[in-house]
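Colleague: here are the coordinates; sequence isn't available:
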Ligand code: SF4
C-alpha cells in the first residue's frame, strides 16, 4: 500500500521578488531592488514559523507576496498543495478565507469609520455564508475569544487602546476560520507589557483552533517566544532555518550569532562570548557578490567574496547558508 503524506499547509518555493527602478526618457529599467531572492520554506498545520531579520531584509515583502498583495518575480506559493502563485483575484477568493493577515499598525489597518463589530463582521459579509443573526452571534463570540467585552462592538477604533485594537485585528482575521495567519510585526507598535498579552493570546488561539502562523518580526526575543521553528533572513535571502531550540543552542550562520547577541540572556559569561554585529546592511539594489553577508562577517574568507553559499542541511533539520559550516 502506498501512503501519501499530506502536503504542507504553506509551501514557499524559490520565491523571488525584484522591484525594477525605472527612469529616463524611455522609462527603462535603471536598477533593481533585490527584495526577496530564492526563498523556500514550509509551514505545517498548527505550527508557527518565525521569520526574523533586520529592517529591509525582505521579510515583510515575503509575507505580502505569499498573501498575493504583490506578485512574485518568480517562484511558487502553494497552499495545501495548490499553486496560488499566478491565479487571478477572483480565483484567490476561496484561498483568502484560509489565509488571513494581521498587520503591524492596528490603527491604520482598521477602517476608522466603522464600528468595531462591523469591522470584525465585514469579512463574514464578504463571504456571505451566514444570516444576519448568525453573523452577529459569531462577531460576539469572536469578541469573547480575543478578550474584548461584547459591549465594545458599538465603539469606534479610536476609542480602543493599542492592544485592544490589535485584538480587534486578530478577531477580524479569525472571522473566516482561517488555517494560517500571516502576522507581520503584529506587536512591534505596542508597549512591552501589552506585547506579551497579545503574544499569549495568539498562542492560546493556536492551541484552541489549531491555527498556523507565519510570524514576521525583527525582534528575535519575541519570535523565540511564539515560534516552533525560526527562519533568519538577510538581504532578501533565507540564511538559516531550524527549530527554535537548535537555533538558540547552536546557531550555524554568523549573522544568526550576531542577532542572538542582541537578545538579553541571564548568563553574563555567555553574554561576553557573543559578538555584536558592526556596520549597516548593504543596499538591496547592489548586494555584495558571493555571500551577501561578506561585508559584515567576522569570519569571511576569500571564497566568500566570489562564491555564493547554498542553503544546505548542516545537521538534521538544520539548514544554513555558509561556506564554513
Ligand atoms: Fe561569513 Fe563566508 Fe559564511 Fe558568508 S559564507 S557567512 S561571509 S563565513
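Modeller: Arrived safely, thanks for sending. Not measured: the values here are computed from a predicted model. Residues are numbered from 1 along each chain as shown.
Colleague: can you list the residues of the stretch 201-325 of the chain near the ligand?
Modeller: Within the stretch 201-325 of the chain, the positions adjacent to the ligand are 253-254, 291, 293-294, 297, 299-300, 304, 309, 322-324 by C-beta under 6 Å from any ligand atom. Using the backbone N, CA and C atoms, a C-beta is placed for each residue, glycine as well.
Colleague: quick one: buried ones out of those residues?
Modeller: Neighbour-count burial (16 or more other C-beta atoms under 10 Å) is assigned, among these, to 253, 254, 291, 293, 294, 297, 300, 304, 309, 322, 323.
Colleague: including distance to residue 278, could those residues go into CSV?
Modeller: Formatted as CSV, those follow (distance: C-beta to C-beta, whole Å):
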residue, distance to residue 278
253, 16
254, 12
291, 16
293, 12
294, 13
297, 10
300, 13
304, 16
309, 21
322, 18
323, 20
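Colleague: narrow those residues to those in helices?
Modeller: Among those, the members falling in helices (DSSP state H) are residue 254.
Colleague: pull up the residues of the stretch 1-150 of the chain that are close to the ligand.
Modeller: Checking the stretch 1-150 of the chain against the ligand by C-beta under 6 Å from any ligand atom, there are no hits.
Colleague: give me the residue from the stretch 1-150 of the chain nearest the ligand.
Modeller: Here the stretch 1-150 of the chain gets closest to the ligand at one residue, residue 53, 14.1 Å apart by C-beta to the nearest ligand atom.
Colleague: spit out the contact partners of that residue.
Modeller: Residue 53 is in contact with 59, 218, 232, 233, 234, 259, counting by C-beta atoms under 8 Å, 6 or more residues apart in numbering.
Colleague: and those residues, which of them are buried?
Modeller: Using 16+ other C-beta under 10 Å as the burial test, the contacts of residue 53 include 59, 218, 232, 233, 234, 259 as buried.
Colleague: which of the buried ones among the residues of the stretch 201-325 of the chain next to the ligand fall within strands?
Modeller: Among those, no residue falls in strands (DSSP state E).
Colleague: cool, thanks, signing off.
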